[in-house]
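1. build the 3D model from these lines:
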Amino acid sequence: MATIVFDQVSKVYDAGGKKLAAANEVSFAIDQGEFAVILGPSGAGKSTILNLLGGMDYASSG
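-> As a prediction, this is how the structure comes out:
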């Protein structure tokens, strides 16, 4: 059984009246003892995902 599960998690910011999806329907599962790596270009949502994992931000859905 997975220790950490993201199931279609999204985070949308309001940027001056426009909706900006920083993470869109992200899904993954990490089992105890496993390591995970989050890779992507600048602005891809890596920090947003880590903030959601750490409870520093709330998901818009999922």
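2. what residue lies at the spatial centre of this protein?
-> Geometric centre of the chain, nearest residue: Ile49, 2.9 Å, by CA atoms, centre = their mean.
3. pull out the buried positions in stretch 21-33.
-> Neighbour counts over stretch 21-33 (16 or more other CB atoms under 10 Å) mark 22-23, 26 as buried. For every residue, glycine as well, the C-beta is placed using N, CA and C.
4. Three-state assignment for the residue lying closest to Asn24 once chain neighbours are set aside, please.
-> Using CB to CB, 6 or more residues apart in numbering and skipping the chain neighbours, the partner closest in space to Asn24 is Ser10 (5.4 Å). For Ser10, the secondary structure call by DSSP: H, G, I helix; E, B strand; the rest coil comes out as strand.
5. quick check, pLDDT for Ser10.
-> For Ser10, the pLDDT comes out at 97.
6. that one contacts Ala23, correct?
-> Yes. Taking CB atoms under 8 Å as the definition, Ser10 is a contact partner of Ala23 at 5.9 Å.
7. go through stretch 8-16 and flag the buried ones.
-> Going by neighbour count (16+ other CB under 10 Å), the buried part of stretch 8-16 is 9-11.
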